[in-house]
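Chemist: Would you be able to build a 3D model of this:
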Amino acid sequence: MTATHEPQEAYDGPAVLVVAGTGQPVEHTVSVTLRGAFQPLDGHFHWYGRIAVDSALDTVRSGSAVTLRTEHGEAAGKVADVDPWGRFRVSGTGRPPF
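Modeler: Residues are numbered from 1 along each chain as shown. This next block holds a predicted model:
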């Protein structure tokens, strides 16, 4: 019997943030808090959340396209604003990485 994982509405845990730049993509091991929901107005699943503070992310810029990978899958997204506690916001549309 093979176990499958269905997309959930929430994920808290480890992830790998892959940032494409001018050279080779750079991978950062991070901790994330993610949530998501199906939006009937556009027919897509929207996921979003925050990446825990990590000094290794000092070179990441707001607006960067990223790939977020968890043990359940991976998805393309974008990092955005940094909140007052130093956490990046990350979001994407479509199948989530959790």
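Chemist: what about the residue nearest to the spatial centre of the chain, which SS state?
Modeler: Centroid-nearest residue in the chain: residue 68, 4.3 Å away (criterion: Cα atoms, centre = their mean). Classification of residue 68 using DSSP: H, G, I helix; E, B strand; the rest coil returns strand.
Chemist: From residue 17, how far off is it?
Modeler: 6 Å (Cβ to Cβ, to the nearest Å). Where you see a C-beta, it was placed from the backbone N, CA and C, and this is true even at glycine.
Chemist: Now the common contact residues for those two.
Modeler: Overlap of the contact sets of residue 68 and residue 17 (by Cβ atoms under 8 Å, 6 or more residues apart in numbering) consists of residue 90.
Chemist: Can you classify residue 56 by secondary structure?
Modeler: Once three-state DSSP is applied, residue 56 turns out helix.
Chemist: so what's it up against?
Modeler: Contacts of residue 56 by Cβ under 8 Å, 6+ apart are residue 28.
Chemist: What residues are bridge-paired with the residue lying closest to residue 79 once chain neighbours are set aside?
Modeler: Once flanking residues are discounted, residue 79 sits nearest to residue 88: 4.7 Å by Cβ to Cβ, 6 or more residues apart in numbering. For residue 88, the beta-bridge partners are residue 51, residue 82 (DSSP bridges).
Chemist: Could you tell me the per-residue confidence at residue 88?
Modeler: Per-residue pLDDT puts residue 88 at 96.
Chemist: same deal with the one 5 residues further on?
Modeler: What the model reports for residue 93 is a pLDDT of 96.
Chemist: was I right about it contacting residue 46?
Modeler: Yes. Taking contacts as Cβ atoms under 8 Å, residue 93 lies within contact range of residue 46: 5.5 Å.
Chemist: starting at the chain centroid, how far to the helix or strand where residue 17 lies?
Modeler: Element membership for residue 17 (DSSP states H and E) is strand 10-19. Relative to its chain's centre, strand 10-19 lies at 6 Å (Cα atoms, centre = their mean, to the nearest Å).
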